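Participant: need a 3D model of the sequence below.
(3 chains)
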Amino acid sequence: MYVLLFLAVPTLIAIGTGFFDNTGAFTLATVAALGDPVVLTTFFNSFWLSALTAVVGAVVGAVVCYALLGARPDGPLRTTIDSLSGVLAQFGGVMLAFAFVATIGIQGMVTLYLRDTFGLDIFENGVWLYSTTGLILPYIYFQVPLMIITFMPALQALKPQWAEANATLGGSTASYWFRIAFPVLAPSFIGSLLLLFANAFSSYATAAALVSQGSQIVPLQIRAALTSETLLGRENLAGALALGMIVVMAVVMVGYSALQSRAARWQQ
Amino acid sequence: MNSQQLTAQQPTAPTRPGTVVEFTGVVKEFSGMRALDGFNLTLHAGECVALLGPSGSGKTTALRVLAGLESTDAGSITIDGIDVSALSTSKRDMGMVFQSYSLFPHLSAGENVEFGLRMRKIKPAERRRRAAASLAMVGLDDHFDRFAHQLSGGQQQRVALARALVTEPRVLLLDEPLSALDAKVRVQLRDEIRRIQTELGITTLFVTHDQDEALAVADRVAVMRAGNIEQVGTPEELYSRPATPFIADFVGLSNRIDGLVRSARAEVYGTSLPLIDPATPDGPVTVSIRPEDIEFAAEGLAATVVTSSFLGSLRRTTLRLADGTILFLQHGVRVHPKAGENVFVNFTGAPVSTERVETASVAQQQS
Amino acid sequence: MTGLTTNGVAHAPSRTVRTIILGVVGVIFAVPIVAMIEFTLRAGLVGGYNVDRWVALFQSGFTGVYRPVLVALGNSVALAIGTVLIVLLLLIPTMLLVHIRFPRLRRVLEFICILPITIPAIVLVVGLAPVYAIVARMLGSGVWTLAFAYGITVLPFAYRAIQSNLDGVDVKTLTEAARTLGAGWGSVLLRVLVPNLRRGILAGAFIAVAVVLGEFTIASLLNRVNLQTALVVVSKVDPYTAVILSLLALAFAFLLLLVIGRLGAPRTRTSRRRTTVKGPA
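Facilitator: Numbers count the residues shown, from 1 in each chain, chains lettered A, B, ... in the order given. Modelled structure (predicted):
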């Protein structure tokens, strides 16, 4: 179990460094830096980017799951989509950034197509792919597969008897979805949504590969703090930022467990 | 023997006018497999009919077709003379109890029962009153606020029954409602279903693969095989006069013994036994004899005891005859045969069915 | 009995609806991949398409400019092996021990194993930096030391894969049966448990490989070279090659997961598909 040292120690250090200055004395100054307007803006950026992509990803992913409901779980369709989702959700990162540069970069296929065919310049108001806005599409691209992976089991667990019981009791298809399926699925759906949020919030690779200048979201700011050699003592800021992230993640997780215990009222 | 082409008559009417259900020539195919193959059955008003059969015999399909959960490929289904084939499940006014897991997990027992009433836009106060009454009927009035996972399997099925009945449906459909329960609860709930069904006088179709259940609950039992009804009749008829060896074997336990029919009597190991159907032609047969129709005697057919097991109110003993044939006996617990003991037995009752055997296989069996 | 087939009341969508949904989403998701392919086939600024770059890449045998990528790939593979070893030698024995001997610790183990999901890799890096300063002094600054960190990031995925297999096998009874038949703990483990858990172990190992090959955050910020960081470096010099390599890597990962899926398909009857939870991308 000693491997846990590689988890517990780094986490503690990460949090710890936030509280100490470079002479080793305890300080709240770096934590106070979290209140800096620039830092606050990055947290805000990270937050809405994560929230937006989580919601879109969750909704689209859930619809795809619904579409897959009729397919045999061990059939070729499901296996292929499962594997594809796994690749895109876990393996994306850097490659995803490349893909979107190729798609909607300045010389991207879609960019050129739209420009040449419709005379539509998607970058009319500046190139947004390399800014926070530009992260939305790539993030959705890995959020949807993640949703498929995490939400499918819940949807699969809907018992056909419930639909049939609804029908024999005089219910319509609408009453099945609104009175039975949605309430039953709500905890899993929101749970997945939170997971997606956390996923986007902590995602680094795609952003790092795509955004080379500026630090619009928190992970990038940590990079800047870690790698900046111009400002000594800034590595403590990285600690403070990490602390901030952990706090946000903790809030998400507390929300998740609160939700679970609420659902536990009717779950085992 | 399966075509019970009875017209909608009203037999001894129960507490309220019952509903007549009629299947006529219903065909249902699943990817080339005929689950129902020209299925005919009539449920009289207020009657409980059990559909009994091994898995794959089409009994569940018959029930689901009636519920509208499956469409039919041919034939018609009428309720009180009106064809319902085109009617969707939610309009058919059926109460259905499923095998298991059919309670909505996010609703309490009471809310589950209220669900059907809510679909019928009944006001909250009345809804609650009727749900409570329905739960009381199944003995769970103090479990209104429990969720499914807080209830035992038997209680869940009671709630499901209350939920199915609260809307006062025309027909009650029971799809192996007891098969997921343990033995004791199963018997309790079985008797309770029978009591409630008789009290309400609701026309009921009960699907099961358990013959005890079918015999105990139903007014009439229809034994199914390969998408069709092999025999339909009262439990007594089925047990004492099985139309085919399949029924004799499936309903109750029976010994299959080689014999010979000669001038309207069956000769089995030197004993001449009466035949239920005197018209049986002469020739070699396999007869089915109930275990309670064989008795120990001071002299008669010699046999050796293989095992004997105590079943509470009776005892079942397995014997081997000199030629190797195995016989089962059911007898009182006061007789206690020991394994290896040599005994004599006599056949005391008529075979419940006889089956002609081709001569080739007789030679084989007697070797 | 035969009621398994779909029917009028089932909640599953009709074939048409399914095709439409999957079609639309599928096309949208295919666009970036197609764009990548299109990008690699572009023949310079004049326009038109050819396969020159693909040919060039394979003919060059990864020499010259692509040399770093090859080295990085080697690093990544070494890391993957190291991580898989950690999973095999540490995680699995621990899980079995907890499962058989200390079932009460199961919740604790589960919590610990799932925890890394909640801690972003980027946060881990902040803390890992000082740790690795020490590690580098003791063990040298070889790339393989990253395997320790990857062992942590892989933990949740490997745990889920193995646990779902563990749940489906009655390990306790199997162990007891083997013990009563005179097997020692060693042979119980190797001859009874490992064969029965083969699927979960393989799935766990494959996922570990996929995660390690796709890992960027930790390597990049600790200034180590692996496949992903090398791709970024190459993309600055020669974006076309970087995209080609990405496509190959994606295809490889897809095949890898497809194999896992196939492994999971037979012999599971009631259990759900073994999919994984997901951590930071």
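Participant: which SSE is the residue in the stretch 201-350 of chain B that chain A sits nearest to in?
Facilitator: In the stretch 201-350 of chain B, the residue that lies nearest chain A is B:L205 (12.5 Å; C-beta to the nearest C-beta). C-beta coordinates here come from the backbone N, C-alpha and C atoms, glycine included. Using DSSP states H and E, B:L205 falls within strand B:203-208.
Participant: name the helices or strands packed onto that strand?
Facilitator: Identification of packing neighbours for strand B:203-208 by 3 or more C-beta pairs under 8 Å, 6 or more residues apart in numbering or on different chains; DSSP states H and E yields strand B:33-43, strand B:48-52, helix B:59-67, strand B:171-175, helix B:211-217.
Participant: so for that strand, mean pLDDT?
Facilitator: Taken as a whole, strand B:203-208 has a mean pLDDT of 94.
Participant: how about residues contacting it?
Facilitator: Outside of strand B:203-208, the residues that reach it under the criterion C-beta atoms under 8 Å, 6 or more residues apart in numbering or on different chains are B:18-21, B:43-52, B:59-60, B:62-63, B:66, B:170-176, B:178-179, B:193, B:197, B:213-214, B:217-218.
Participant: how far away is the residue nearest the centre of chain B from chain C?
Facilitator: Among the residues of chain B, the one closest to the centroid is B:A214, at 2.8 Å (C-alpha atoms, centre = their mean). Here B:A214 is placed at a distance of 16 Å from chain C (C-beta to the nearest C-beta, to the nearest Å).
Participant: thought B:L52 was touching that residue, still the case?
Facilitator: Yes - the criterion here is C-beta atoms under 8 Å, and B:A214 meets it with B:L52 at 4.2 Å.
Participant: common neighbours of these two, please.
Facilitator: Joint contacts of B:A214 and B:L52 (C-beta under 8 Å, 6+ apart) are B:T208, B:V221.
Participant: pretty sure B:N346 is in a strand, no?
Facilitator: Yes - assessed by DSSP: H, G, I helix; E, B strand; the rest coil, B:N346 belongs to a strand.
Participant: residues in contact with C:V98?
Facilitator: Counting by C-beta under 8 Å, 6+ apart, C:V98 has contacts C:L105, C:R106, C:L109.
Participant: can you confirm it is in a strand?
Facilitator: No - C:V98 is assigned helix when assessed by three-state DSSP, not a strand.
Participant: where in chain C is pLDDT low?
Facilitator: C:1-11, C:43-53, C:56-66, C:135-136, C:138-143, C:260-261, C:263-281 (pLDDT under 70).
Participant: what does the domain assignment say about it?
Facilitator: Domain assignment for chain C by the TED database gives C:22-58, C:65-262.
Participant: deepest-packed of those domains, please.
Facilitator: Highest mean neighbour count among those (mean count of other C-beta atoms under 10 Å in any protein chain shown): domain C:65-262, with a mean of 19.
Participant: centre of the chain versus that one, how much separation?
Facilitator: Distance of domain C:65-262 from its chain centroid, counting by C-alpha atoms, centre = their mean, to the nearest Å, is 7 Å.
Participant: torsion angles phi and psi at the residue most central in space within chain A?
Facilitator: Centroid-nearest residue in chain A: A:A200, 2.3 Å away (criterion: C-alpha atoms, centre = their mean). Dihedral angles phi and psi of A:A200 (degrees, to the nearest 10) take the values phi -70, psi -40.
Participant: pretty sure A:G70 contacts C:A12?
Facilitator: Yes - with contacts counted by C-beta under 8 Å, A:G70 reaches C:A12, the gap being 3.7 Å.
Participant: those two: which has the busier surroundings?
Facilitator: C:A12 (19 against 16; other C-beta atoms under 10 Å in any protein chain shown).
Participant: then the more buried one would be within a strand, right?
Facilitator: No - counting by three-state DSSP, C:A12 is not part of a strand but coil.
Participant: okay, now B:T307: neighbour count?
Facilitator: Using other C-beta under 10 Å: B:T307 sits among 11 other residues.
Participant: what's the nearest residue to it if we skip its chain neighbours?
Facilitator: Closest residue in space to B:T307, ignoring its immediate chain neighbours: B:T318 at 5.0 Å, by C-beta to C-beta, 6 or more residues apart in numbering or on different chains.
Participant: assign a three-state SS to the one you found, would you?
Facilitator: With three-state DSSP as the criterion, B:T318 reads strand.
Participant: A:T206 now?
Facilitator: Classification of A:T206 using three-state DSSP returns helix.
Participant: residues near it, how many?
Facilitator: Neighbourhood size, A:T206 [other C-beta under 10 Å]: 26.
Participant: residue contacts, it?
Facilitator: A:G92, A:G93, A:V94, A:L96, A:A97, A:L135, A:P138, A:Y139, A:F142, C:A281.
Participant: thank you kindly, that will do.
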